[in-house]
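Peer 1: Requesting a structural model of the entry that follows:
(2 chains)
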Amino acid sequence: MIKDITLGQFFPGSSFIHKLDPRAKIVITLCFIVALFLCKNFFSLGLLFVSALVAIALSKISFKVILKGLKMIVILVVFTGILQIVYNDEGTVLWKPFEQFGFQITTGGVFSAVFIIVRIIALILFSSLLTYTTSPTALADAIERLLSPLKIFKVNVNSLSMMMTIALRFIPTLIEEIDIIMSAQKARGADLETGTLTQRAKALVPVFIPLIVSSFRRAYELAFAMECRCYTGDNKRTRMKEMKLGIRDYIAFGVLLLLVAVVVYTSFFNTFSFFIFQQVI
Amino acid sequence: MVILEVKNVSYGYSHGTPFEITALDDVSFSVEKGELVGIIGHTGSGKSTLIKMLNSLLKPESGQILLDGKDINKDKASIKEARSRVGLCFQYPEYQLFEETCAKDIAFGPKNMGLSKAEIEERVIKAAEFVGFSKELLNKSPFDLSGGQKRRCAIAGVMAMFPEVLILDEPTAGLDPKGRNELTAMIENYRKATGATVMIVSHSMDDMARNADRLLVMNKGKLAMDGKVQDVFSKADKLIEMGLSVPVSTSLVNRLNSKLSDMPTDVFTVEDAAELLSSYYKRRKAL
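Peer 2: Numbers count the residues shown, from 1 in each chain, chains lettered A, B, ... in the order given. From the prediction side, this is the model:
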């Protein structure tokens, strides 16, 4: 069912990763992703992959959950891998199964396939860790704080973040609602799972119309409730919980800095041939 | 004759995550044809999971559900059969209306059953009769109706399938007393006309006392009690322990009993209580 999607879900906890400042987590995740795309050799990629695994171990989130989240990208990973193998002709030829079509598998293809697959997996592992360990509201708060410099350009960051918080808050509610409506229509004999693509698209009408109607109803109710509590959307609201960077966050930043330094050094300035990806081929 | 049989059914949600819950734990019971069974239980006791099982919206992880002695989850055909023979009406069913007119919305179920046009029309009219809908209302958009009318339209949508077992989850929730009585009468109309079995999930012990033949009490995923209304409500302590209560009149008589100690304990409706008190008063006066 829809409820079984774990990607983007939040698992409460009190681990080192959970306790990090959400702003720090967002910045670290972004830097980590940039580092993943900067790195050009197996040594630094391996280093980043291992540190993603270490971060998961620190978060104390069960490995089963992480694997379940990875399941969703299996097709993407396999597809990218195949494309790399098919279209990369560098290096020595390993195998020529369909010579008449000019198709061949080369060492370059295999290496770049493995490289990209590891890169995607590390990317998903690390970025899903952000949502696994940060509550949606903390995430929206942190985004607001990180975007607050935009106030100079007259962007209404408060309203933006309120919209974001509400949107995030209502994802589980809407999923639950879809579940209920689907059950109700199935109980009236609606067939939502079989048939051609157009038949299935048509079958969703009885699900989406009630969903849209009730979303509008909820939006009105929420707007009234917020106005009743004097929400006007101005910029002068203070927070109940001020975010403050602690020693943990500085440690995390330190580790990140070290990782990025190693990645940049080995990818751009290094003279040891072992580290350079092209030389491995 | 037994129509529906639940045999050692268990079910859990979110296996392998920190949110794992056992919703049903080895539940067994059977329902006779034409019975009116009430299901009561605290929030989260497994009532909703249980009723979703009864027409195969959820499949039991272990155990079986038999309709007329046949497993409803055997294959696609048996599931389809169960969906049309066991009608399920969820809480706040008005939120599932979607068609342009009420008539079309009520026809959705029969249409999915693959009936002929003439028969669909006939069923829509019959179902509208059960819930007291006029022709005029049938041609209106369901989104223009009042809350109570929407509810009735949605329930008619389930009744139009003429299910042999009609299951309703809190059909009277959020209605005023008049609407509640009307709705109870409509369900009774349907039962009388079709001889169907009806199962009602409710939090209102008074409604249950007045209408049900038999009560199933769910507690923490288990079937805690299964018996006649008077048998269940005579165990007030046990019900209160489960976060439930007894009908108002029963608790009144029980409280009087702690002072007078010669009151009968089988009073469940306001009418019974009134009669009891007036006869008691007359007896006292005669002394």
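
Peer 1: What about residue 207, how many residues nearby?
Peer 2: Defaulting to chain A. Burial of A:V207 is recorded as 20 neighbouring residues (other Cβ atoms under 10 Å in any protein chain shown). The C-beta positions use only the backbone N, C-alpha and C, and glycine is treated the same way.

Peer 1: if you could check chain B rather than the one you did, that'd help
Peer 2: 19.

Peer 1: which other helices and strands contact the helix or strand that contains B:K282?
Peer 2: Per DSSP states H and E, B:K282 falls inside helix B:270-286. Helices and strands touching helix B:270-286, by 3 or more Cβ pairs under 8 Å, 6 or more residues apart in numbering or on different chains; DSSP states H and E, are helix B:248-260.

Peer 1: Next, the angle helix B:270-286 makes with the helix it packs on.
Peer 2: Angle between the axes of helix B:248-260 and helix B:270-286 is 30 degrees (criterion: axes from the mean of the first three to the mean of the last three Cα atoms, to 10 degrees).

Peer 1: Average pLDDT for helix B:248-260, rounded please.
Peer 2: Here helix B:248-260 scores 84 as its mean pLDDT.

Peer 1: before we move on, what about stretch A:164-176?
Peer 2: 83.

Peer 1: ok, now stretch B:119-139?
Peer 2: 93.

Peer 1: Just the buried residues of it, please?
Peer 2: B:I120, B:R123, B:V124, B:K126, B:A127, B:A128, B:E129, B:F130, B:V131, B:F133, B:L137, B:L138 (16 or more other Cβ atoms under 10 Å in any protein chain shown).

Peer 1: Endpoint to endpoint, that stretch covers what distance?
Peer 2: 18 Å (Cα to Cα, to the nearest Å).

Peer 1: what residues does it touch?
Peer 2: Stretch B:119-139 has contacts (Cβ atoms under 8 Å, 6 or more residues apart in numbering or on different chains) with B:101-103, B:106-107, B:110-111, B:115, B:145, B:149, B:152-153, B:155-157, B:159-162, B:182, B:186, B:189-190, B:193.

Peer 1: Run a quick neighbour tally on whichever residue of the stretch 101-250 of chain A sits closest to chain B.
Peer 2: Here the residue of the stretch 101-250 of chain A nearest chain B is A:G189; by Cβ to the nearest Cβ that distance is 3.2 Å. Neighbour count for A:G189, taken as other Cβ under 10 Å: 19.

Peer 1: repeat for B:H15
Peer 2: That count, for B:H15 with other Cβ under 10 Å as the rule, works out to 11.

Peer 1: got it, and B:V6?
Peer 2: 21.

Peer 1: part of a helix, is it?
Peer 2: No - going by DSSP: H, G, I helix; E, B strand; the rest coil, the assignment for B:V6 is strand, not a helix.

Peer 1: Would you agree it is in contact with B:D26?
Peer 2: No - counting by Cβ atoms under 8 Å, B:D26 is not a contact partner of B:V6; they are 10.4 Å apart.

Peer 1: hey, what's in contact with both of those two?
Peer 2: B:G63.

Peer 1: Distance from the helix holding B:K282 to the middle of the chain?
Peer 2: Here the centre of helix B:270-286 is set off from its chain's centre by 33 Å, with Cα atoms, centre = their mean, to the nearest Å.

Peer 1: swap in stretch B:1-21?
Peer 2: 19 Å.

Peer 1: Could you give me the buried positions within it?
Peer 2: Applying 16+ other Cβ under 10 Å to stretch B:1-21 flags B:I3, B:L4, B:E5, B:V6, B:K7, B:V9, B:Y11, B:T17 as buried.

Peer 1: Give the bridge partners for the second one, please.
Peer 2: Spelled out, that is B:L4. B:V31, B:L67 (DSSP bridges).

Peer 1: who touches it in this structure?
Peer 2: B:S30, B:V31, B:L54, B:I65, B:L66, B:L67, B:V86, B:V165, B:T197.

Peer 1: burial measure for A:P12, as a count.
Peer 2: 9.

Peer 1: pretty sure it belongs to a helix, no?
Peer 2: No - assignment of A:P12 by three-state DSSP gives coil, placing it outside any helix.

Peer 1: most neighbours, which of the contacts of B:L4?
Peer 2: B:V86 leads the contacts of B:L4 on contacts (other Cβ under 10 Å) with 26 neighbours.

Peer 1: Let's see the pLDDT reported for the residue nearest to that one when sequence neighbours are not counted.
Peer 2: Once flanking residues are discounted, B:V86 sits nearest to B:N55: 4.0 Å by Cβ to Cβ, 6 or more residues apart in numbering or on different chains. The score at B:N55 is 89. That number is its pLDDT.

Peer 1: A:G8 too?
Peer 2: 60.

Peer 1: Next: B:P93.
Peer 2: B:P93 is given a pLDDT of 92.

Peer 1: Does it touch B:M159 like I think?
Peer 2: No - B:P93 lies out of contact with B:M159 (Cβ under 8 Å); the separation is 11.2 Å.

Peer 1: Neighbour count for those two, which is higher?
Peer 2: B:M159 (29 against 26).

Peer 1: how much space between that one and B:L88?
Peer 2: 12 Å (Cβ to Cβ, to the nearest Å).
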